[in-house]
Every structure is written in C-alpha cells, then in structure tokens.
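J.: fold the following.
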Amino acid sequence: SEQLDWNTYEQALAWAAKHSDDEQYISLNVPTKYLMPQTFVPKLLALANTHQIAPRRIRLEMSERGLVEWSQHAAKAFEELTDAGMSLILDDFTKGTSSLNSLVLLPVQVVKFVHDPLDAYSQNGGSVRRPQEVLAALLTMCHALHLDVVASGVVDEQNCTRLRDLGCRFAQGPYWPARH
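T.: A predicted model of the protein is given here:
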C-alpha cells in the first residue's frame, strides 16, 4: 500500500541521515502512479527536509514500463523532481521490450539493467548472437548520453570483472557488496 511505502521512505531517509555522508545517495523505489497526485513531490521534499537530506542525494527508481505509461500524466512531477535536484532512475531497462525512446525522451539520469540483459532471452530458448557486443553497445550508448549505468543482479566475480572491463562503474547484487 502507499502508506507502507511512505513509512519505508521515512525509515530510509532517517537511516541515511544518521549513517551516511553528504556524498552518498539514497535510492527509493517509487511506483510511477504515485507522481499523479499533486502532493507527492512536496511531501517527499518535506520528508527530506525533516531529515536534513539534500534532494540531490535522492534517486527515485521507477520501472521503464511505469515511466512510459505515466510520462504524459506525470510530466509536471518529473519537472518538479528534477528542478529540486532529485535524479530519476530508469529501472528494469532491458527487461521485456525496452525502447531507445525511453533513454532520450524521459528525464532520467541513471539507467539500471540486469547485468546480463540477454540472459533471460537465451534461457527461454532464444538464440542470442553477440551478447558481449550488445552489452558493450548498451553501455557505450548510455555513457554517450551522459547517463550513469547500474548493473543489477551481479552474482559472481566473472560478472563483476566483465562489467568493469566494459566500463560499468556501478553494480548491485549478492556478489558486489560482500567483496567490493
């Protein structure tokens, strides 16, 4: 429920105020539909102010599907969020039917994708040609668009090394925090 999410945002910002420095960001998963009420942005900014968290430290993760579905309706909220200094993360990019339009039309600063975007396709019997080249092209394109990239689901050293060699600076998953 939305109230449970607001409780989570409250706890995350309270924790960050006590345990992180001004250079670390806080990433909050937000269903895009929450942007529709005119109260979301002011409420989130008030919460950040209560915990003395600069808005520039807040990154809102929203699924590509949600951002695309709600983009026309939530344009004002996107503008308010970015004007306040918050960043939008395009989450789940490469899951399903990702569109290059999402990278150039939506006001995102970060793209988050599964560490091996073609893995699910190949596991379902699809034949993937040149997966390493596709991953390298995705990273190159995002960097050319001045977008930070986060690879999620990094499970082993091989994934970590491959991503680092391709220029991916940020990752998350069971392997990453335990060893880096």
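J.: how about the secondary structure of F113?
T.: strand (DSSP: H, G, I helix; E, B strand; the rest coil).
J.: please list all residues in contact with the residue nearest in space to the middle of the chain.
T.: For the chain, the residue sitting closest to the mean C-alpha position, by CA atoms, centre = their mean, is I89 at 3.1 Å. Neighbouring residues of I89 by CB atoms under 8 Å, 6 or more residues apart in numbering: S27, R59, L60, E61, M62, V108, Q109, V110, V111, K112, V150. Yep, even glycine has a C-beta here, placed from its N, CA and C like the rest.
J.: can you rerun that using 7 Å?
T.: Residues counted as contacts of I89 (CB atoms under 7 Å, 6 or more residues apart in numbering) are S27, R59, L60, E61, M62, V108, V110, K112.
J.: among those residues, which one has the most neighbours?
T.: Ranked by neighbour count under the definition other CB atoms under 10 Å, the contacts of I89 are headed by M62 with 27 neighbours.
J.: in the lengthiest helix in the chain, which residues are buried?
T.: Among the segments of the chain that qualify as a helix by DSSP state H, the longest is helix 2-19. By neighbour count, and taking 16 or more other CB atoms under 10 Å as the criterion, the buried residues in helix 2-19 are Y9, A12, L13, A16.
J.: show me the two of those that sit farthest apart.
T.: With CB to CB as the measure, no two of those lie farther apart than Y9 and A16, at 10.6 Å.
J.: tell me how many other residues crowd L35.
T.: A count of nearby residues for L35, using other CB under 10 Å, gives 25.
J.: repeat that for S102.
T.: In terms of burial, S102 registers 17 neighbours under the definition other CB under 10 Å.
J.: with V104 instead?
T.: Other residues within reach of V104 by the criterion other CB under 10 Å amount to 10.
J.: did I read that right, it in a helix?
T.: Yes. Going by three-state DSSP, the assignment for V104 places it inside a helix.
J.: and the pLDDT at it?
T.: According to the predicted model, the pLDDT of V104 comes to 79.
J.: how about it, nearest residue that isn't a chain neighbour?
T.: The shortest distance from V104 to any residue other than its chain neighbours is 7.0 Å, reached at L145 (CB to CB, 6 or more residues apart in numbering).
J.: also D148?
T.: With CB to CB, 6+ apart, the residue lying closest to D148 is V110, at 4.5 Å.
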